[in-house]
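# pasting the sequence and the predicted coordinates here, then a few questions.
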Amino acid sequence: MSTSATSLREAFKQYVHTMKSYEEAVGVLYYDLRTQAPKKAGEGRSDVLGLLSTELFKMQISDTIGDMLNQLSEPEIHKQLDSIELKLIEELKKDYERSKKIPTELYQEYVTLTSKAESVWEDAKEQSDFAMFQPYLEKIVQFNRKFVELWGYEGHPYNTLLDMYEPGLNVDTLDRVFGEIRAKAVPLVSAIAESPHQPDEAFLNRPFDKQKQREFSEYILKEMGFDFEAGRMDESAHPFATGLNLGDVRITTRFVPNDITFSLFSSIHEGGHALYEQNISPDLAGTLLCTGTTMAIHESQSRYWENKVGRSFAFWKRYFIDLQKLFPETLEGVSVEQFYRAMNVSRPSLIRIEADELTYNLHIMIRYELEKALIGGDLAVADLPAAWNDKYKEYLGVVPGNDGEGVLQDVHWAGGSFGYFPSYSLGNMYAAQFMHTMKKEMPDYENIIEAGELQKLKAWLTDKVYRHGKMKTPSELVMDITGEELNPKYLTDYLEQKYKEIYRL
C-alpha cells in the first residue's frame, strides 16, 4: 500500500477516535446529570452537553470527513481496507449524508432543548403536571418533523425515524408483527383474568431493606458476568445503561422500599445491556462500531436476561434460597413456586416498566400509535394526555389517575427518542427466537440456569451476538444465529406456554 494510502488510513482512524472521545465525554456528563449532579445543575450542564454534542456533530458533517470517505471509497484504496474499516466507512457515510442535511445551529438548539426537557420532565412527572412539560414536547415534535422533512422519507414520515433505530423497519412491517402478537395476547389476557388460579403476591408488598436490595442486585449481576471493575451501578429516576468504553459500562436502577421486584429486574435488565457493551471485541475499541448493532438487538439482550432468565422457574430454584437468606422474615413461609408465580403475575397495568411480559407489548403498541400520529401530524401535543388515556382504556382496560402515571411516565420523548419504543417489542421477539436456538444447541439449558451457571449463557451470547458489536446488521445476526428472519411466532409460543402453566389454563 502506498505511503499516502497508509497516511489516509491513519488520519481516518485518528479522526474517528476523536469523534468517539467526544461521544464518551457527552456520555459521562449525561450520566452524572441523571445520577449525581445537584438539582440546579441542569441549566448549565445542558449548555455544555449542547456545545460538546454540536462539536461532535460538526465532525460528522465536516468537509474533512467527507473528503476522507470519498478517498477511502476509491477502488484502489477501498480494496485494500480491512473489514472493520469497510463497515466503519459504510456507517459513517450513512450518518454523514443524513447529518449533512441538518444545519449545525438547528442541531445545537435541539440538543440543548432535549437536555433541558429531560430535567423539566423529571419535575413534571413528580408533580403530575403535563402542562409544565407540554411546551418543551411541542418544540421537540416540531424539530423531529422538520428533521424528517430534511432527511426525506418514503411512505409514512415515521419510517425515517424508525430507520434510525432499526434500519429497514417500516410501519407496514410493524403493523403486521404487532397484529400477530395482539391476536394471540388479547385472548390469553382474557383467559388469565378469568382463571381461578391467581397467584398470591401479597408478600411482595412487605418491607425490603434498600441496602439489602442493592446487595442482592449486585450479587446477581456478578453471577451474570457483569464486570464491576469495568462498570458500576447507581440510582436514577428512570433506569438506564450507558457504554462509555469497554472498560467503563454503567447502569442505574431505582429502589422501591416495599417492592423487591422493581430494582431487581431493572438491574438485571440494564445488566443485559451492559453485558453486551462489556463483551464487544477489543478489535472494535475506539471506533463507532464498538456498540450494539441496533436498539432492538440491544433490547433483545436486556429483555432476555430480565425475562427469559430472571423470571424463569429454573432461575429461582437456584437463587430464591439466597434471597431468603437476605430477607428471612419478609419471605418467611414463601415457597419457591409461590415466589415464581408471584414474579409472573399478569394483569393490565398503567406503568410500562412494571408491566408483565404478556401485557408489555400492548404498552409499546400504544406508544407506537401515538408517536406515529404525532409525527404524521394527526395528533397535537396538547391532545396527547387524553389520547393516551383513551388508548389505555381501549387496549388494557385501565385509565391513569394522573399524568405522572400516564403520559409522563417515560423519559424517551423528553430526549427526542421518537422511533425508539418499537425496539422494545422487537427485542422481545428477537430474544425469544435466540432462546429457541440456544435451547437446541444447549440441550441442558434449563439445568444450566438451575445450577447457577449463568456465565455459560453469557459465553454463548458473546460468541453469537456481543463480540460482533455493530459489524453485523440485525437481519444478518438473526439469520446467522437462527437460520431464519425475524419470526414473532417464537414469542407468542413462549408466552402461551409460560402463562398457561402459571395460571393452569
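Cool, the structure landed.

# helix, strand or coil for the residue nearest to Leu326 when sequence neighbours are not counted?
Nearest residue to Leu326, sequence neighbours excluded (Cβ to Cβ, 6 or more residues apart in numbering): Lys212, at 4.8 Å. (C-beta placed from N, C-alpha, C; glycine too.) Classification of Lys212 using DSSP: H, G, I helix; E, B strand; the rest coil returns helix.

# could you verify my assumption that Lys212 touches Lys325?
No - with contact defined as Cβ atoms under 8 Å, Lys212 does not reach Lys325; the gap is 10.0 Å.

# looking at those two, which one has more neighbours?
Legend: neighbour count by other Cβ atoms under 10 Å for Lys212 and Lys325, higher for Lys212 (16 against 11).

# mind checking how far that one is from Glu223?
Note on Lys212: its distance to Glu223, by Cβ to Cβ, to the nearest Å, is 16 Å.

# now do the contacts for the closest residue to Pro239 other than its chain neighbours.
Leaving aside its chain neighbours, Pro239 sits nearest to Ser266 (4.2 Å; criterion: Cβ to Cβ, 6+ apart). Ser266 makes contact with 239, 253-254, 353, according to Cβ atoms under 8 Å, 6 or more residues apart in numbering.

# could you do Ala386 as well?
With Cβ under 8 Å, 6+ apart, Ala386 has no contacts at all.

# which of the residues in whatever helix or strand it lives in are buried?
Using DSSP states H and E, Ala386 sits in helix 384-396. The neighbour-count check on helix 384-396 (16 or more other Cβ atoms under 10 Å) flags 384-385, 387-389, 391-392, 395-396 as buried.

# Serialize those to a markdown table and add fields for distance to Gln409 and pLDDT.
Compiled in a markdown table, these are given as follows (distance: Cβ to Cβ, whole Å; pLDDT from 0 to 100):
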| residue | distance to Gln409 | pLDDT |
| --- | --- | --- |
| Leu384 | 13 | 98 |
| Pro385 | 12 | 97 |
| Ala387 | 15 | 98 |
| Trp388 | 9 | 98 |
| Asn389 | 12 | 97 |
| Lys391 | 13 | 94 |
| Tyr392 | 11 | 94 |
| Tyr395 | 15 | 88 |
| Leu396 | 13 | 89 |
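
# just the element for the residue nearest to Pro239, please.
Going by DSSP H and E, Ser266 is part of helix 260-278.

# quick one: buried residues of that helix?
For helix 260-278, by 16+ other Cβ under 10 Å, it's 260-278.

# report the distance from it to the chain centre.
11 Å (Cα atoms, centre = their mean, to the nearest Å).

# mean confidence for that helix?
Across helix 260-278, the average pLDDT comes to 96.

# tell me where the chain has strands.
231-235, 241-245, 248-253 (DSSP state E).

# from those, which stretch is densest packed?
strand 248-253 (a mean of 23; mean count of other Cβ atoms under 10 Å).

# quick one: that one to strand 231-235, angle?
30 degrees (axes from the mean of the first three to the mean of the last three Cα atoms, to 10 degrees).

# who does strand 248-253 pair up with?
strand 231-235 (parallel), strand 241-245 (antiparallel) (DSSP bridges).

# export the ones you listed to CSV and append columns for distance to Thr35 and mean pLDDT.
Listed next are the strands paired with strand 248-253 as CSV, based on distance: least, Cβ to Cβ, whole Å; pLDDT from 0 to 100:
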stretch, distance to Thr35, mean pLDDT
strand 231-235, 4, 95
strand 241-245, 10, 95
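
# dump those to CSV, plus distance to Pro488.
Putting the strands paired with strand 248-253 into CSV (distance: least, Cβ to Cβ, whole Å) gives the following:
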stretch, distance to Pro488
strand 231-235, 32
strand 241-245, 25
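
# for Gly168, find the nearest of the ones you listed.
strand 241-245 (23.6 Å; Cβ to Cβ).

# what stretches of the stretch 201-350 of the chain score poorly on pLDDT?
Within the stretch 201-350 of the chain, no stretch has pLDDT under 70.

# and the closest residue to Ser263 other than its chain neighbours, what does it touch?
Excluding its sequence neighbours, the residue lying closest to Ser263 (Cβ to Cβ, 6+ apart) is Phe255, at 4.5 Å. Shown in contact with Phe255 (Cβ under 8 Å, 6+ apart): 210, 213-214, 235, 262-263.

# the strands paired with strand 248-253: which one's closest to Leu408?
Across these, closest to Leu408 is strand 231-235 (Cβ to Cβ), at 19.7 Å.

# got the angle for that closest one vs helix 260-278?
150 degrees.

# could you give the separation of strand 231-235 from the chain centroid?
The answer for strand 231-235 is 17 Å, by Cα atoms, centre = their mean.

# do the same with stretch 166-176
On Cα atoms, centre = their mean, the centre of stretch 166-176 falls 18 Å from that of its chain.

# in it, what counts as buried?
For stretch 166-176, by 16+ other Cβ under 10 Å, it's 166, 169-171, 173-174.

# so for that stretch, what's the average pLDDT?
On average, stretch 166-176 scores 90.

# what about it, how long is it end to end?
Distance across stretch 166-176, first residue to last, is 16 Å (Cα to Cα, to the nearest Å).
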